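# when you get a sec, could you give me coordinates for this:
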Amino acid sequence: MNLDTDTAGRLREGMARGVLSFPLTSFRADGTLDPEGLRAHLAAQLATDPGAVFPACGTGEFFSLDEDEYRQVVSTAVEEAAGRVPVVAGIGYGWAQAVRFARVAEEAGADALLVLPHYLVTAPQDGLVAQLEHIAARTPLPLIAYQRGPVAFTAASLRRVAAIPNVIGLKDGHSDLDRLQRLTLAAPQGFLFFNGAATAEIQARAYATVGVPAYSSAVHAFAPEIANAFFAALRDGDDKTTDRLLRDFYVPLVELRDRVPGYAVSLVKAAARLRGRPVGPVRAPLTDPSAADLADLKAVLTTGLDLVGAAL
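Now for the predicted structure:
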């Protein structure tokens, strides 16, 4: 692990300053990539000064992109960021396919890579480590491992992962705080950790207690005003504002999200459309919200914006 890389330092600074942006990928009504909509969405995201931008990850529907589309998404993010914040592109599937995407991301100018969980199989700890070793040996870009679904490292494996020269951090989506505390204690000083739970704000306080205050925010993709207000309140110890946003916005949003599989992305995209953002529909196998759920989403979103003094 090289903790002194410029990218690691910039990410560390960004994670302390603001939420991490996971932008949506814009599609037209017929499902084709919408480059103009994507550029507009990225520009709006970057205008709110996130700590970093993570294109073509879970929220960006990486799983539905071919390599040409992926190249366009990452290239556009790099162009719009223009060096202001790090651009961390998602890669995934098996290690051989992940390497193909890594090469595309490198050519497009990405600063680092988020290694999404591998496809389908459950693997032993040695295999999880080997997956990262294979990828790391084939790209010069810094890597952030993502444990979620079939990927869950033990403390012993995390030490091995952190010893891989260009692995600089871990994103956690399991929300197992016992395991996460063991990982943070096992990691070398300066190794990056961040909360990658779905609707991470719900668990942000708990993650902070085990030394992981940084988090990704899906809400930032459609309501950066709310996401930034929550981040500031949590950072400043403003429990009254934090509690009110959790109770009146985040919890209702999560309850709505849990109605249908895939709504963790579909609702985010629908909320962005409600605000006039040119992001288009989701791609199969995801589905867009029903009319009833969309009406409930609008009510939740309106409440959240009212709480921070913003308009729909």
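
# only C-alpha atoms for contact and neighbour calcs from this point on.
OK.

# which parts of this protein are strands?
20-21, 52-53, 88-91, 112-115, 143-147, 167-172, 192-195, 216-217 (DSSP state E).

# what's the most buried one of the ones you listed?
Neighbour counts averaged per stretch over the strands of the chain are highest for strand 88-91, at a mean of 30; criterion: mean count of other C-alpha atoms under 10 Å.

# of all the strands of the chain, which one is nearest residue 204?
Distance to residue 204, taken as C-alpha to C-alpha, is lowest for strand 192-195 among the strands of the chain, at 7.3 Å.

# just name the shakiest helix or strand of the chain by mean pLDDT.
helix 6-17 (a mean of 92; mean pLDDT, DSSP states H and E).

# okay, the angle between that one and strand 167-172?
30 degrees (axes from the mean of the first three to the mean of the last three C-alpha atoms, to 10 degrees).

# which strands or helices does helix 6-17 pack on?
strand 52-53 (3 or more C-alpha pairs under 8 Å, 6 or more residues apart in numbering; DSSP states H and E).

# run the chain-centre distance for the strand it packs on.
Averaged C-alpha coordinates place strand 52-53 at 9 Å from its chain's average position (C-alpha atoms, centre = their mean, to the nearest Å).

# ok, stretch 33-50 next?
Between the mean C-alpha position of stretch 33-50 and that of its chain there is a distance of 15 Å (C-alpha atoms, centre = their mean).

# next, the buried residues of it.
When neighbours are counted by 16 or more other C-alpha atoms under 10 Å, the buried residues of stretch 33-50 are found to be 33-35, 37-39, 41-46, 49-50.

# ok, residue 126 - contacts?
The neighbours of residue 126, taking C-alpha atoms under 8 Å, 6 or more residues apart in numbering as the test, are residue 157.

# 10 Å instead, please
Residues counted as contacts of residue 126 (C-alpha atoms under 10 Å, 6 or more residues apart in numbering) are 153, 157, 160.

# my guess is the second one meets residue 128, correct?
What that stands for is residue 157. Yes: applying C-alpha atoms under 10 Å as the test, residue 157 and residue 128 come out as touching, 8.3 Å apart.

# so which of the two has more stuff around it?
Comparing residue 157 with residue 128 by other C-alpha atoms under 10 Å, the one with more neighbours is residue 128, at 21 against 17.

# check the gap between the more buried one and residue 179 for me.
Relative to residue 179, residue 128 is positioned 16 Å away (C-alpha to C-alpha, to the nearest Å).

# cool, residue 170 as well?
Relative to residue 179, residue 170 is positioned 13 Å away (criterion: C-alpha to C-alpha).
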